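[1] sequence-free structure coming up:
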């Protein structure tokens, strides 16, 4: 989960900077959403490989991923029929990423993003940074 939180931590730090401009911040939000989506779609195998390596390195027992998952506190006969692999991938990995994506989407809707970008155009403080006095 460190990899997931590292993506949003970078965005969080950028948004808290006093001198952060709105255009750059909205770009970082979009990049963060894209990275999370790529992680959700393509990085499960890499994630489980890192996790297995970490557990082996620190001598932590690993459950057989093909065994049946039984939630704590529920009788085995009433448990849902799913494997450990399914539980960890769908109910933990995907859920954490989906919650992060949902929170970003709730806070930075398309309407809000467009409004913030439009407001940024009204701030002339850095509009002339690329202007060269020597040309004239």
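    Sure, I can see it. The structure displayed is predicted, hence computed values, not measured ones.

[2] Run a quick neighbour tally on residue 85.
    16 (other C-beta atoms under 10 Å). Where you see a C-beta, it was placed from the backbone N, CA and C, and this is true even at glycine.

[3] With adjacent residues omitted, what lies nearest to it?
    Nearest in space to residue 85, with sequence neighbours left out and distances taken as C-beta to C-beta, 6 or more residues apart in numbering, is residue 65 at 3.9 Å.

[4] I figured that neighbour hits residue 89, correct?
    No. The pair formed by residue 65 and residue 89 falls short of the contact definition of C-beta atoms under 8 Å, at 9.1 Å.

[5] any weak-confidence spans in the protein?
    Scanning the chain with the threshold set as pLDDT under 70 gives 73-80, 124-136.

[6] where do the helices sit along it?
    2-16, 22-42, 44-57, 84-86, 95-107, 110-121 (DSSP state H).

[7] so who does residue 113 touch?
    Under the criterion of C-beta atoms under 8 Å, 6 or more residues apart in numbering, the contact partners of residue 113 comprise 26, 29.

[8] Try it again at 7 Å.
    Under the criterion of C-beta atoms under 7 Å, 6 or more residues apart in numbering, the contact partners of residue 113 comprise residue 26.
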